[in-house]
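J.: Show me how the following folds:
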Amino acid sequence: MRRTITGTVIIFLLGVLIMPAIASEPPAGFAALFNGKDLAGWWGADTEDPRVYQALPADQFEQKHRASLADIAKHWTVVDGELINDGAGLFLTTDTNYGDIELLLDYKTVPKADSGVYLRGTPQVQIWDYTKEGGKWDLGADKGSGGLWNNAKTSPGRDPLVLADKPFGEWNHMRIVMVGERVTVFLNDKLVVDHARLENYFSHVKALPRAAPIQLQTHGGEIRWRNLFIRQIPVDEAIAILRVGGPDKKPKDDDGFVSIFNGKDFTGWDGPINEYEVKDGAIVCRPKQGGTIFTKEIYSDFIAKVEFRLPPAGNNGLAIRYPGYGDTAYVGMCELQVLDSEDPSYVNLDPRQYHGSIYGMVAAQRGYLNHTNEWNYEEATVNGSHIRVELNGTIILDADVAGITSFLDNKAHPGKDRKDGHFGLAGHDDPVAFRNMLIKRL
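T.: Here you go, the predicted structure:
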């Protein structure tokens, strides 16, 4: 009996020693994308514009989704807690659409393989053979993995900052932080992409979707994945990341931005400031009052950083190169609209009136505001006659007003060619709140 028990214990211990390591538990705040056992929560898609299949009627999308599973079953397997692809077939695609995220994953690949991670259904954070023998040094493989390879050749982030790949046969660890279109990538704990924009591969005009699937792209050779964990980034954290230019960073003292609002009173401001008040560190219109208040300082070319919060149907605007009198939308260079664009009361507006638009002249892209009563982060860059607006990390407007001749209601904008003026808030009787306002002269 003793020998039998001992033998059983030895066999059990040997079994423990040779059992494959299972996927670790998600870190605090993260959820598992892959359960370590099967492909639940995934389907298959190719390199295709996610907006197209997101727009399909429910029955057509279900048919597409279901049809993909046969291909996925052919080329993807789960062995010992690892996702394995044979180098062919559709890309593994999450059932869930994701927006602002922190994504952790491990991967291990083989010579000549080519892979990547699609964010919001868009290529890609590149993974490939970095050796000369891989045959892709002419495409930039010598610089290593982790770059946003499908960006334009001269765009920041296209090439990784350092070569961080481990030798074949070893696991690589990747950490990706995405807020809006801004992507930061750490490969094996080395920063390889620093808060760069992921450009929309499918359109040179449209911004990335606000939310879309994550895809594991692969072709040319086996790749294995494990420990896929994800965390959706809340609004306040997303704003903090955007404000300092990336995760894990602190504000810089030498970045050239200066505060134009002290969070306490209207020092440095002019105009009908009696129609506004400071509440909880933010400038807010008093009930049923408004008018354009503006900085005493005059600016020509600049970048402005502003956080704002919209009540339902809230309406305000950023006064750009304002002369200090009149309606900034017409006598100033422009008014950059601040508006709860999705409120039903605004359904019939001209596109040039929605949030982020150069009022009456150029329409901004919609769908990138946070919910009403949540804070938003916006950067407005004014350089000569060119204006760019980045909302919550996504560029929603990029336009030159110099050649614009078509105006809302055919009403001219005589101030659009102004070279300088005040920066201000064009209140419209609604309690829209503004805080953390900074400006950097260019």
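
J.: in the stretch 51-200 of the chain, which spans are strands?
T.: Remark: strands assigned in the stretch 51-200 of the chain by DSSP state E, counting those that start in this stretch are 76-79, 82-85, 91-94, 101-109, 114-119, 122-128, 172-179, 182-187, 190-197.

J.: how does this structure divide into domains?
T.: Here the domain parsing of the chain from automatic domain parsing is 19-244, 258-441.

J.: before we move on, back to that, highest mean neighbour count out of the strands of the stretch 51-200 of the chain?
T.: When those are scored by mean count of other CB atoms under 10 Å, the highest mean neighbour count falls to strand 91-94 (a mean of 26). For glycine as for every other residue, the C-beta is placed from the backbone atoms N, C-alpha and C.

J.: ok, and what's touching that strand?
T.: Contacts of strand 91-94 with the rest of the structure, by CB atoms under 8 Å, 6 or more residues apart in numbering, involve 33, 39, 41-47, 68, 72, 76, 83, 85, 118, 121, 213-218.

J.: one more time with 6 Å, if that's ok
T.: Contacts to strand 91-94, defined as CB atoms under 6 Å, 6 or more residues apart in numbering, come from residues 42-45, 76, 213-217.

J.: With stretch 119-128 instead?
T.: 50, 114-118, 141, 145, 147, 149-150, 178, 185, 198, 201, 208-209, 212-213, 217.

J.: one step back: could you export the strands of the stretch 51-200 of the chain as a markdown table, including mean pLDDT?
T.: As requested, the strands of the stretch 51-200 of the chain are exported to a markdown table (pLDDT from 0 to 100):
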| stretch | mean pLDDT |
| --- | --- |
| strand 76-79 | 97 |
| strand 82-85 | 97 |
| strand 91-94 | 98 |
| strand 101-109 | 97 |
| strand 114-119 | 96 |
| strand 122-128 | 97 |
| strand 172-179 | 98 |
| strand 182-187 | 98 |
| strand 190-197 | 98 |
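
J.: can you redo the ones you listed as CSV with distance to residue 401?
T.: Conversion of the strands of the stretch 51-200 of the chain to CSV gives the following (distance: least, CB to CB, whole Å):
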stretch, distance to residue 401
strand 76-79, 50
strand 82-85, 49
strand 91-94, 40
strand 101-109, 35
strand 114-119, 32
strand 122-128, 29
strand 172-179, 28
strand 182-187, 26
strand 190-197, 23
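
J.: Residue 173 is in contact with residue 105, isn't it?
T.: No. Using CB atoms under 6 Å, residue 173 is not in contact with residue 105, being 7.7 Å away.

J.: Output the contacts of strand 91-94 in CSV; the columns should cover distance to residue 272 and secondary structure.
T.: Below are the contacts of strand 91-94 laid out as CSV (distance: CB to CB, whole Å; DSSP: H, G, I helix; E, B strand; the rest coil):
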residue, distance to residue 272, secondary structure
42, 57, strand
43, 56, strand
44, 59, strand
45, 54, strand
76, 63, strand
213, 49, coil
214, 49, coil
215, 52, strand
216, 56, strand
217, 55, strand
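
J.: between these, which is nearest residue 347?
T.: Proximity of these to residue 347 (CB to CB) peaks at residue 213, which lies at 29.3 Å.

J.: Please give me every residue in contact with that closest one.
T.: When contacts are counted by CB under 6 Å, 6+ apart, residue 213 touches 93-94, 97, 121.

J.: Show me which of those residues is closest to residue 319.
T.: Residue 319 lies nearest to residue 97 out of those, by CB to CB, at 36.3 Å.

J.: Tell me who's in contact with that closest one.
T.: With contact taken as CB under 6 Å, 6+ apart, residue 97 is in contact with 211-213.

J.: swap the cut-off to 8 Å and go again
T.: Applying CB under 8 Å, 6+ apart to residue 97 gives the contacts 54, 120, 209, 211-213.

J.: before we move on, back to that, closest one to residue 250 among the domains of the chain?
T.: Nearest to residue 250, of all those, is domain 19-244, at 6.4 Å by CB to CB.

J.: Distance from the chain centre to the closest one, please.
T.: Relative to the chain's own centre, domain 19-244 is displaced by 15 Å; criterion: CA atoms, centre = their mean, to the nearest Å.

J.: and what of stretch 312-328?
T.: 27 Å.

J.: Quick check: buried residues in it?
T.: Using 16 or more other CB atoms under 10 Å as the burial criterion, the residues of stretch 312-328 that qualify are 314-324, 328.

J.: Just the C-alphas of that stretch, formatted as PDB.
T.: What follows is stretch 312-328 as a C-alpha-only set of coordinates in PDB (Å, rounded to 0.1, in the frame of the first residue of the first chain):
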ATOM      1  CA  PRO A 312     -27.300  68.600 -23.000                       C
ATOM      2  CA  ALA A 313     -27.700  70.800 -26.100                       C
ATOM      3  CA  GLY A 314     -24.900  73.000 -24.900                       C
ATOM      4  CA  ASN A 315     -23.500  75.700 -27.300                       C
ATOM      5  CA  ASN A 316     -20.400  77.800 -27.100                       C
ATOM      6  CA  GLY A 317     -17.300  78.300 -29.200                       C
ATOM      7  CA  LEU A 318     -13.600  79.200 -29.300                       C
ATOM      8  CA  ALA A 319     -13.000  82.700 -30.600                       C
ATOM      9  CA  ILE A 320      -9.900  82.700 -32.800                       C
ATOM     10  CA  ARG A 321      -8.000  85.900 -33.600                       C
ATOM     11  CA  TYR A 322     -10.900  87.900 -32.200                       C
ATOM     12  CA  PRO A 323     -10.700  91.700 -32.600                       C
ATOM     13  CA  GLY A 324     -12.400  92.400 -29.300                       C
ATOM     14  CA  TYR A 325     -15.800  93.400 -30.700                       C
ATOM     15  CA  GLY A 326     -18.600  91.900 -32.700                       C
ATOM     16  CA  ASP A 327     -19.400  88.300 -33.700                       C
ATOM     17  CA  THR A 328     -16.200  86.400 -33.800                       C
END
